[in-house]
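Enquirer: Show me how the following folds:
(chains A, B and C)
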Amino acid sequence: MASVHIDARGLHYTPLNQQIRAAVAGGATEIVIDHVLGQRFIGDGLRGDGVTITVNGVPGGDLGMFMSGPTIIVNGNADHAPGNTMDSGTIVIHGSAGDAVAHSMRGGRVFVRDNIGYRGGIHMKQYMEKRPILVIGGAARAFLGEYMAGGLLVVLGLDGSSPISERGLGSGIHGGEIFVRGGVEEKYLGVGARQLAATDAGKKTIEPVLRDFARAFGIDAGPLLTSEYTRITPASARPFANKYTWE
Amino acid sequence: MCGIIGVIDRRRKCMDGTGIKAALSMMNERGSGEGAGYVAYGIYPEYKDFYALHVFFDNIRENKGALDTLLERWGTIVHDEQIKTYEQPNIRKVHTPWRYFFRPDRSLMPKSTTPDEDIVTHLVMTVNAEKNGTLIFSSGKNLGVFKAAGWPEEVADFYRIQDYKGYLWLAHNRYPTNTPGWWGGAHPFNLLDWSVVHNGEITSYGTNRRYIESYGYKCTMYTDTEVVAYLVDLLIRKHGLSEKMAVRALAPPFWEEIDRMPAKEQELNRAIRLTYGPALMNGPFAICVANADSLVGFTDRIKLRPLVTGEHGDRLYISSEEAAIRTMEPDVANITMPKAGEPVIGRVVA
Amino acid sequence: MSIGSVPFKFRVSVDPEQCMVCGRCIENCSYGVFSKENERIKVNSRNCVACHRCLAFCPRDAIDIAEKPTDYRSHPVWTRDVREAIFNQAKTGKIILSGMGNAHPYPIIFDQLVLDACQVTNPSIDPLREPMEMRTYLGKKPAALSLKEFPNGDVELLTKLTPNLQIETPIMIGHMSYGAISLNAQTALAKAVSHVGTFMGTGEGGLHESLYPYQKHMIVQVASGRFGVDINYLERGAAIEIKIGQGAKPGIGGHLPGEKVCADVSCTRMIPEGSDAISPAPHHDIYSIEDLKQLVRSLKEATEWKKPVFVKIAAVHNVAAIAAGIARSSADAVVVDGFRGGTGAAPRVFRDHVGIPIEAAIASVDAKLRQQRIRNEVSLIASGGIRESADIAKAIALGADAVYIGTSALVAMGCRVCGTCYRGQCAWGIATQKPELTQRLDPETASVQVANLIHAWTDELAELMGAAGINSIESLRGNRDRLRGYMLDESLMQVLDVKSVGA
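Expert: Presented below is the predicted three-dimensional model:
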């Protein structure tokens, strides 16, 4: 396994990405980047199945944007929109992340150990075998899963706080599903979203994801699997179909 | 429409204005008697370190005080005097020509790398844009423009240009279409060291003017030629291009020619056209541009106006007509017609 | 039924003397106007949208269509349109959906600008004999060049230029997505632009596999829904365009209704078949100008800074300042879409009432960029209501580098501007995904027609330039001295920076 170390101290993101691309092109499967501080677009548009990039520090926005294949592990918090329009691959964040996490993500996985900001999972969408997954260990702020068109979103509230305590959950959702550990107060539901207690069969479908999440962060999967969940789904696949009349 | 002539002595040997007056008058068929002008370099050796500002005042009493105050605010008036003129039957003296020798206070333009030039440019642009009865029509060192509404020989006699001795002369015989009779509209146009005479009409003027004005120049003369002076100042003085490359920008090769060039040349010429597209001058023109060290003549890209060059000893002549050159120097040799868009450059060697 | 029926929009009549009951009208009409009864053609005028498909295919010229056959009491305020909209909304309680561009009778500024020509003081140039350069480069230009000149005459270029798009005519085809229009229609456009040496936009619908051979002439769009966007798509495009807004509906997103998302569309957009493709307003990663810069740069970073990135905005009141902000974002071109821009579907109230005309927008954007000395930072592409070559000449003289055409390219393929694209029933096979309709459009023939149009307009443009004594398009760009305003008011002439006729 070829391993490459990059020191990102004071390095602009363009040369940093060039070094990452060069390493991948050179056959590296293990890339460790130290002293990351604010560099945006790490792994942007990067292809490379089986490549793992470890980011030590705090990356800037759009981490893994348009990424197709690699795994990025962040030892720190992430900024705005990690996993933006990501195609496939995995992002594991050992910390929290900012707003619009997994925006328009179309495949792969984003695991966030702690909390995320507003509009997480906004407009995630799925097609055929591509089904994006966002799992949040802590809590999410308002408008989670807004305009969601596909994929899976799970919020766990593991730190004991309520996973959802703000408005607009699944607002405009027209595809995909959101699982929230525990209950969700009706007032937090957004337009076009509806909630039901997750069935055992439903829980079964997310079990592999929960196990992977637990493994990624070295926590016990047991309590996750036995918890009760609320499932949020679209009230209609065409939430706005009835809004218009013809001229 | 219009006749032009320019001459440079490469060893800076001076000529008085007699010859160029005769040459210009020789081309009276090209003019209409409503504008003529001359510029001579090397005429103020005793004041050569100061900017010689030639000014038209509509009214000395009303306009001059304001300019004096403005100049004093930006520097020092080393000397000023009325430019001597001699009454001519057909020239109505609507302006009083004045000259200042001016030293700008460069500490007033601390951020500039060329503070003197920037101050003088600023003054010229500001004063001329105000249109307040004051027009600075010449602003270089050791040079002066002399122009008025009239036939070339009348204008020459009005200023007695035969009394001035310069190593580089440009002259222009005007057939105006835009601003007949306006002294400011006569050529040469000058800014700092740059003087321009032009035959033709620039159809891209609107594009060129908007481009150059975005760099702080102000076109105030109601005519297309001044834009050439400013473009040359921008490309050569500010952007550091050579005369040759500046002319390449103003009258570049056609794309089909560029497409056929070797890769490196192609890249260069494409870059010039991309960068300086708004400076490309379109329409018919033959132009002579001068500064203290050189005389450059060139035409538009498809050669819609005439231009002839000739040489004699250290002197290079450029004119609309060979006959004009021969009037000045009967023994002129190497009469040639430059290719469209390619500059002819005469440079001083001493 | 308290409102009852409103009058027909169109009355279709069939001349029985001419009609031979061949039934072509029945076959061709996708709106169910015609039927056969007792060996005669029976007409249901209420269904007619005036798409003229029947008329175009009637072998005997037997069909006639009359607009607004029934009069209302005329009234300057309570127009027919206003009354009918009220009837409609009183019945349904819904937002009125409309198609094509602005249908409100605002004066058209293009029609009140006239072009110049040479007489005597300079010669016009005959493009038949003399060189006439229509080539344009779209993208960033340096403000100045740094050259190193050697005594032997060699010149070394020290300034590095960023990628530009080279177009041989200033006419490009704007973004109309697969979904909004059929694949046959997109294919026709793709063939046409490849043939002519220009570019077209994909719209926000991804790039269908069958169009890969034309990808060098494609500008791939990234819009708020991010449909069809992945790294392969970005790399295929000759340039990337971020769509912020659209002239037909500034400030709102778009919905491609599920019924237009057929298997093929779903594959290209990368969403499930039959689901609504909802492009929200705004982009969820752009809530401020610095976020735009981030998206521009993320796209450049993803494609290793090899592609120009354009940003398209609707022409709104503050368009000049917005464009100046975009010019600073690393974007290579700003596309400004005027309020006459077309659309497959837009709420009527937006289509007709929001935004400003392209003429004023271009003039103010160009002026603002020059004022801030950043005109070289971006190219300026005008779109929205370009109907003829004169409009292009005027748009360029007002400051545009190039134009996008949309509706006119569709008209070249047969579209009659019936404005009912949102119904997905387009009888011409353009704005529909129904196989029985899309197969009516032969991409080969249609591409020739579109290419013909671009050729013809380019020739006309060359003639107009020649007459103005200009042999290179960059000398027309921003050359407002060659325009005059005819019956334009003083304040608008100031915005346009043009003089009045006679001045």
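
Enquirer: Near chain A, which residues of the stretch 51-200 of chain C are found?
Expert: Contact residues, the stretch 51-200 of chain C versus chain A (Cβ under 8 Å from any Cβ of the partner chain): C:A85, C:N88, C:Q89, C:K91, C:T92, C:K94, C:I95, C:I96, C:L97, C:S98, C:G99. C-betas here are computed from N, CA, C, even on glycine.

Enquirer: Let's see that with 7 Å instead.
Expert: C:N88, C:T92, C:K94, C:I95, C:I96, C:L97, C:S98 (Cβ under 7 Å from any Cβ of the partner chain).

Enquirer: Mark which of these are buried, thanks.
Expert: Among these, the ones that count as buried by 16 or more other Cβ atoms under 10 Å in any protein chain shown are C:N88, C:I96, C:L97, C:S98.

Enquirer: now those as JSON lines including secondary structure?
Expert: Output for those, formatted as JSON lines (DSSP: H, G, I helix; E, B strand; the rest coil):
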{"residue": "C:N88", "secondary structure": "helix"}
{"residue": "C:I96", "secondary structure": "strand"}
{"residue": "C:L97", "secondary structure": "strand"}
{"residue": "C:S98", "secondary structure": "strand"}
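
Enquirer: how many other residues sit next to B:T203?
Expert: Using other Cβ atoms under 10 Å in any protein chain shown, B:T203 is surrounded by 32 other residues.

Enquirer: Let me see the ranges of the strands in the stretch 151-300 of chain B.
Expert: With strands called from DSSP state E, counting those that start in this stretch, the stretch 151-300 of chain B shows them at B:165-166, B:168-173, B:189-191, B:194-200, B:285-291, B:294-299.

Enquirer: Is the fifth one in proximity to chain C?
Expert: No: applying Cβ under 7 Å from any Cβ, one finds strand B:285-291 out of contact with chain C, separated by at least 9.0 Å.

Enquirer: Quick one: list the elements packing against that strand.
Expert: Judged by 3 or more Cβ pairs under 7 Å, 6 or more residues apart in numbering or on different chains; DSSP states H and E, the packing partners of strand B:285-291 are strand B:3-9, strand B:168-173, strand B:194-200, helix B:225-232, strand B:294-299.

Enquirer: Please state the offset of that strand from the chain centre?
Expert: Strand B:285-291 sits 7 Å away from the centroid of its parent chain (Cα atoms, centre = their mean, to the nearest Å).

Enquirer: got a list of contacts for it?
Expert: If you take Cβ atoms under 7 Å, 6 or more residues apart in numbering or on different chains as the criterion, strand B:285-291 is touched by B:4, B:6, B:41, B:168, B:170, B:193-200, B:202, B:228, B:232, B:295-300, B:305-307, B:318, B:320.

Enquirer: Given that strand, what are its sheet partners and their directions?
Expert: Partners of strand B:285-291 in the sheet, by DSSP bridges, are strand B:194-200 (antiparallel), strand B:294-299 (antiparallel).

Enquirer: out of those, deepest packed?
Expert: Of all those, strand B:194-200 has the most neighbours on average by mean count of other Cβ atoms under 10 Å in any protein chain shown, namely a mean of 27.

Enquirer: Show me what it is in contact with.
Expert: By Cβ under 7 Å, 6+ apart, strand B:194-200 touches B:1-4, B:6, B:39, B:145, B:170-172, B:187-189, B:225, B:228-229, B:232-233, B:283-291, B:304-305, B:320, C:122.

Enquirer: Residue 42: what's it in contact with?
Expert: Answering for chain A, as no chain was given. Neighbouring residues of A:I42 by Cβ under 7 Å, 6+ apart: A:Y13, A:L16, A:N17, A:V55, A:P59, A:L63.

Enquirer: I was after chain B.
Expert: B:G42 sits next to B:R12, B:C14, B:N142, B:G166, B:Y167, B:L168 when contact means Cβ under 7 Å, 6+ apart.

Enquirer: any low-confidence regions in the stretch 251-350 of chain B?
Expert: The model of the stretch 251-350 of chain B has pLDDT under 70 over residues B:350.

Enquirer: Also chain B?
Expert: By pLDDT under 70, the low-scoring segments of chain B are B:1, B:350.

Enquirer: How about the residues of it by chain C?
Expert: B:1, B:177, B:200-201, B:203-207, B:210, B:214, B:239, B:241-242, B:245, B:254-255, B:267-268, B:271-272, B:274-275, B:277-278, B:280, B:282-284, B:302, B:304.

Enquirer: Could you list the buried residues of stretch C:193-209?
Expert: C:193-196, C:198-208.

Enquirer: Of the residues you listed, which pair is most distant in space?
Expert: Greatest spacing in the buried residues of stretch C:193-209, by Cβ to Cβ: C:H195 and C:E204 (24.9 Å).

Enquirer: quick one, phi/psi of the closest residue in space to B:H172 that isn't next to it in sequence?
Expert: Once flanking residues are discounted, B:H172 sits nearest to B:H187: 3.6 Å by Cβ to Cβ, 6 or more residues apart in numbering or on different chains. For B:H187, the backbone dihedrals are phi -90, psi 170 (criterion: degrees, to the nearest 10).

Enquirer: okay but B:H187 is in contact with B:A171, surely?
Expert: No: B:H187 is beyond contact range of B:A171, at 8.4 Å (criterion: Cβ atoms under 7 Å).

Enquirer: list the residues that contact both of those two?
Expert: By Cβ under 7 Å, 6+ apart, the residues touching both B:H187 and B:A171 are B:G37, B:V197.

Enquirer: does B:L135 count as helix, strand or coil?
Expert: B:L135 - assigned by three-state DSSP - is strand.

Enquirer: ok, the nearest residue to it once chain neighbours are set aside - how many residues close by?
Expert: Setting aside the residues directly before and after it, B:L135 is nearest to B:F56 in space (Cβ to Cβ, 6+ apart), at 4.5 Å. Residue neighbour count, defined by other Cβ under 10 Å, stands at 21 for B:F56.

Enquirer: show me the contacts for B:F56.
Expert: B:F56 makes contact with B:H95, B:P97, B:L135, B:F137, B:W183, B:G184, according to Cβ under 7 Å, 6+ apart.

Enquirer: switch the cut-off to 8 Å
Expert: Shown in contact with B:F56 (Cβ atoms under 8 Å, 6 or more residues apart in numbering or on different chains): B:H95, B:T96, B:P97, B:W98, B:T134, B:L135, B:F137, B:W183, B:G184.

Enquirer: now do A:F143
Expert: Applying Cβ under 8 Å, 6+ apart, the residues near A:F143 are A:Y118, A:R119, A:I122, A:E166, A:R167, A:G168, A:L169, A:S171, A:G190.

Enquirer: The third one contacts A:N84, correct?
Expert: No: applying Cβ atoms under 8 Å as the test, A:I122 and A:N84 come out as separate, 10.0 Å apart.

Enquirer: Any idea which residue is closest to the centre of chain C?
Expert: In chain C, the C-alpha nearest the mean C-alpha coordinate belongs to C:G406, at 3.0 Å (Cα atoms, centre = their mean).

Enquirer: which one is it nearest to, not counting chain neighbours?
Expert: C:G406's closest residue in space is C:G174 (Cβ to Cβ, 6+ apart), at 4.2 Å.

Enquirer: Now do the SS call for that neighbour.
Expert: From three-state DSSP, the assignment for C:G174 is strand.

Enquirer: follow-up on the earlier one: can you point out the helix or strand that includes the residue nearest to B:L135?
Expert: strand B:51-57 (DSSP states H and E).

Enquirer: ditto for B:L71
Expert: According to DSSP H and E, B:L71 maps onto helix B:60-74.
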